[in-house]
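> I would like the atomic coordinates for the input below:
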Amino acid sequence: MTRSSASLASTFFNDEHIAVAEAVDIYLDSLGDRKNELLSKIFQEKRYPEELMVAMAKLGLFGTLIPKDYGGSEVGLLAMVVAMERFSAYGLENTLALLTTMDTLAIMEGGTEPQKADLLPRIAQGELKLAFAITEPDAGTNSFNMRLRATKEDDGYHLNGEKAWITGVDRAEKLLVVARTTSIADLKAANLPKAYGLSLFLIPTDLDNLKLDKMRTYGIEGFSQFHLHFDDCVIPTDSLIGEENLGAKVLFHALNPERIVGASFAVGMTDYFVTKAVEYAKERKVFGDQPIGSYQGVAHPLARIRTNQEAARLLTYQAASLYDKKAPSSVVGTYANMAKYLASETCFEAADRAIQTFGGGGFVEDNMIIQMLAGARLSKTAPINNEMVLNFIAEHDLGLPRSY
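Now for the predicted structure:
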């Protein structure tokens, strides 16, 4: 397997970005054939290797967005994107790293000074991994319909309700939870905006009266997803991140980076599938002495995917660069959504084309393609489905009427 196809000559990169990319490449090269062993372990044991988590921390990846005063490097989102893309090129994308990144941004945006001083240095060092809980059984794409309640009482906030499809809770030390501190009924009665009434809480994952039920899901290999049941879980008032009822404002600060890092995963995974397909197409011979890679029916689809991948990569770099330059969120959001859309569509097409190139071999587990099909397909659905992404682009970039 080869490195990421991303060029370090990109005009988006400065010396710090290149240093991060080179450090990641040196680490990944040092693994040699063990990259395939680690990937096999992910598929067989359904657990992301801890040594990769430790390596990412040592490479400083969890501190790329954290100010130097709190122990980070402050090199920016683009550095994280470049690093995650390179891990993903080997199928080693780290979903908990994505979640930790977006939670970190929420803490930086809404956290108090004591919260930042306590949490950010530990995150930067890799000592504190974070999961994220927003989705509920009846509140997926429309998160404003969530019903998990956080009621403030004398001894703190009491959490009651459910969350579902929550990734990596068993591997994280803390969980950023989105809950209602004002009910939907009270919102309507007071004629308040739908974004009002949501609050963010950072809680321990071993909280009393929090029950975790593992869900039997595919697509995020190496990490499990859980159905969470909050049965009068009591948390201290200083668990609140940002102001009560105004958590949506803090949360929106982290959603664009989530989509951008997710796009980097898909761009990197495209390299994984294309590399597999190309290597096989160079060797496989069916009719005569010409490898199947010489057939336009094999070569042209791969060339088209490679072209779309580069377009998706540049959109992802543009989105990350604009975020780092503190461009307006509306501008960042447009590029973040475009990157997420094109990267995920290209990634799934690459998975399908790799299987088609291998023929029956694409369904053999030893070739390690079929196991990643669900993950490639999931990139079109999460963290937000591509239909909603197109709605965003149509409304905010093209100025078309809102459709929902």
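
> what about the protein, any weak spots by pLDDT?
For the chain, applying pLDDT under 70 flags the ranges 1-2.

> mind checking what helix or strand follows the lengthiest helix in it in sequence?
For the chain, the longest helix by residue count, based on DSSP state H, is helix 247-283. Next helix or strand after helix 247-283 toward the C-terminus (DSSP states H and E): helix 296-324.

> tally of neighbours for Glu395?
14 (other Cβ atoms under 10 Å). All C-beta atoms are positioned from the backbone trio N, CA, C, and that covers glycine.

> cool, Glu365 as well?
11.

> that one: what's it in contact with?
Contacts here follow Cβ atoms under 8 Å, 6 or more residues apart in numbering; on that basis Glu365 touches 43, 371.

> measure it to Leu373 for me?
Glu365 sits 12 Å away from Leu373, going by Cβ to Cβ, to the nearest Å.

> return the set of buried residues in the longest helix of the chain.
Judged by neighbour count (16 or more other Cβ atoms under 10 Å), helix 247-283 contains these buried residues: 247-251, 253-278, 280-281.

> quick check: angle from that helix to helix 296-324?
Calculated by axes from the mean of the first three to the mean of the last three Cα atoms, to 10 degrees, helix 247-283 forms an angle of 150 degrees with helix 296-324.

> just how off-centre is helix 247-283 within its chain?
How far helix 247-283 lies from its chain's middle: 8 Å, per Cα atoms, centre = their mean, to the nearest Å.

> same for it, what does it pack against?
For helix 247-283, the elements it packs on are helix 77-88, helix 95-110, strand 198-204, helix 296-324, helix 329-358, helix 373-378, judged by 3 or more Cβ pairs under 8 Å, 6 or more residues apart in numbering; DSSP states H and E.

> what sits up against stretch 368-387?
By Cβ under 8 Å, 6+ apart, the surrounding residues in contact with stretch 368-387 are 36, 39-40, 43, 91, 141, 218-221, 255, 258-259, 262, 265-266, 269, 272-273, 276, 340-341, 343-345, 347-348, 350-352, 354-355, 358, 362-365.

> could I have it exported to PDB, CA atoms only?
Taking Å, rounded to 0.1, in the frame of the first residue of the first chain, the C-alpha atoms of stretch 368-387 are listed here in PDB:
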ATOM      1  CA  MET A 368     -10.000  -6.100   3.200                       C
ATOM      2  CA  ILE A 369     -12.300  -4.200   0.900                       C
ATOM      3  CA  ILE A 370     -15.800  -5.500   1.700                       C
ATOM      4  CA  GLN A 371     -15.300  -4.800   5.400                       C
ATOM      5  CA  MET A 372     -15.000  -1.100   4.600                       C
ATOM      6  CA  LEU A 373     -18.000  -0.800   2.300                       C
ATOM      7  CA  ALA A 374     -20.400   0.000   5.200                       C
ATOM      8  CA  GLY A 375     -18.000   2.800   6.400                       C
ATOM      9  CA  ALA A 376     -17.800   4.300   2.900                       C
ATOM     10  CA  ARG A 377     -21.600   4.200   2.700                       C
ATOM     11  CA  LEU A 378     -22.000   5.700   6.100                       C
ATOM     12  CA  SER A 379     -20.000   8.800   5.000                       C
ATOM     13  CA  LYS A 380     -23.000   9.700   2.900                       C
ATOM     14  CA  THR A 381     -25.400   9.600   5.900                       C
ATOM     15  CA  ALA A 382     -23.300  10.800   8.800                       C
ATOM     16  CA  PRO A 383     -22.600  13.200  10.500                       C
ATOM     17  CA  ILE A 384     -25.500  14.600   8.300                       C
ATOM     18  CA  ASN A 385     -27.100  13.000   5.300                       C
ATOM     19  CA  ASN A 386     -26.200  14.300   1.800                       C
ATOM     20  CA  GLU A 387     -29.800  15.300   1.100                       C
END
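
> list the buried residues of it.
Quick answer for stretch 368-387 (16+ other Cβ under 10 Å): 368-373, 375-380, 382-384, 386.

> and stretch 159-172, by the same measure?
Across stretch 159-172, burial judged by 16+ other Cβ under 10 Å covers 159-169, 171-172.

> same check, this time on stretch 208-228
By neighbour count on 16+ other Cβ under 10 Å, the buried set for stretch 208-228 is 210, 219-228.

> so how far is stretch 143-157 off the chain centroid?
That offset, for stretch 143-157, works out to 26 Å (Cα atoms, centre = their mean).

> typo on my end, stretch 192-202
Relative to the chain's own centre, stretch 192-202 is displaced by 23 Å; criterion: Cα atoms, centre = their mean.

> could I have the CA atoms of that stretch written out in PDB?
Extracted C-alpha coordinates of stretch 192-202, given in PDB (Å, rounded to 0.1, in the frame of the first residue of the first chain):
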ATOM      1  CA  LEU A 192     -39.300  31.300  21.400                       C
ATOM      2  CA  PRO A 193     -37.000  30.300  18.500                       C
ATOM      3  CA  LYS A 194     -36.400  26.600  18.100                       C
ATOM      4  CA  ALA A 195     -32.700  26.900  18.800                       C
ATOM      5  CA  TYR A 196     -33.400  28.200  22.200                       C
ATOM      6  CA  GLY A 197     -33.600  25.800  25.200                       C
ATOM      7  CA  LEU A 198     -30.700  23.500  24.300                       C
ATOM      8  CA  SER A 199     -27.800  23.300  26.700                       C
ATOM      9  CA  LEU A 200     -24.400  21.500  26.600                       C
ATOM     10  CA  PHE A 201     -23.100  19.400  29.500                       C
ATOM     11  CA  LEU A 202     -19.700  17.600  29.800                       C
END
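
> and Glu109, how many neighbours does it have?
16.

> with Arg284 instead?
Neighbour tally, Arg284, other Cβ under 10 Å: 15.

> quick one: contacts for it?
291-293.

> any idea how far Ala351 is from it?
Separation of Arg284 from Ala351 (Cβ to Cβ): 18 Å.

> just Thr11 next, same as before
Distance from Thr11 to Ala351, by Cβ to Cβ: 30 Å.
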